[in-house]
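In: Here is my input; please provide its structure:
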Amino acid sequence: MGKKAALLSFLVGASCIVAPATDVMAISADVAKKCGALKTKAFPPRVPGNPAAGSAKGSGLEAQDYFQKCVANGGQPPVADEQKKSK
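Out: Predicted structure coming up:
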């Protein structure tokens, strides 16, 4: 029983040390909705109503990059020059 208790206390202690080190910011629902709409407008689906058909403009990675930059800007669309520099 002593080894199990020692292992359990070690795991609990290690998780307390690691947990605060992973700082993750949650985005608000309003920013996510706005950026999602802007992404859909900038990268429209090839077949309307079928997102699995792919995008008519750009690739999926470009659309993800656009969304992440929009969230980083607080819901404002990224500048076109900034997008070209990231490539």
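
In: From the rest of the structure, what touches stretch 32-50?
Out: 51, 53-58, 62-63, 66-67, 70-71, 75, 77 (Cβ atoms under 8 Å, 6 or more residues apart in numbering). C-beta coordinates here come from the backbone N, C-alpha and C atoms, glycine included.

In: Give the pairing partners of the top strand by length along the chain; include direction for each.
Out: The residue-count maximum for a strand in the chain (DSSP state E) belongs to strand 50-55. Strand pairing for strand 50-55, using DSSP bridges, gives strand 45-47 (antiparallel).

In: what's the average pLDDT for stretch 34-45?
Out: Here stretch 34-45 scores 93 as its mean pLDDT.

In: can you pull the buried residues of the following helix or strand past the longest strand of the chain?
Out: Using DSSP states H and E, the helix or strand that follows strand 50-55 in sequence is helix 60-72. The neighbour-count check on helix 60-72 (16 or more other Cβ atoms under 10 Å) flags Glu62, Ala63, Asp65, Tyr66, Phe67, Lys69, Cys70, Val71 as buried.
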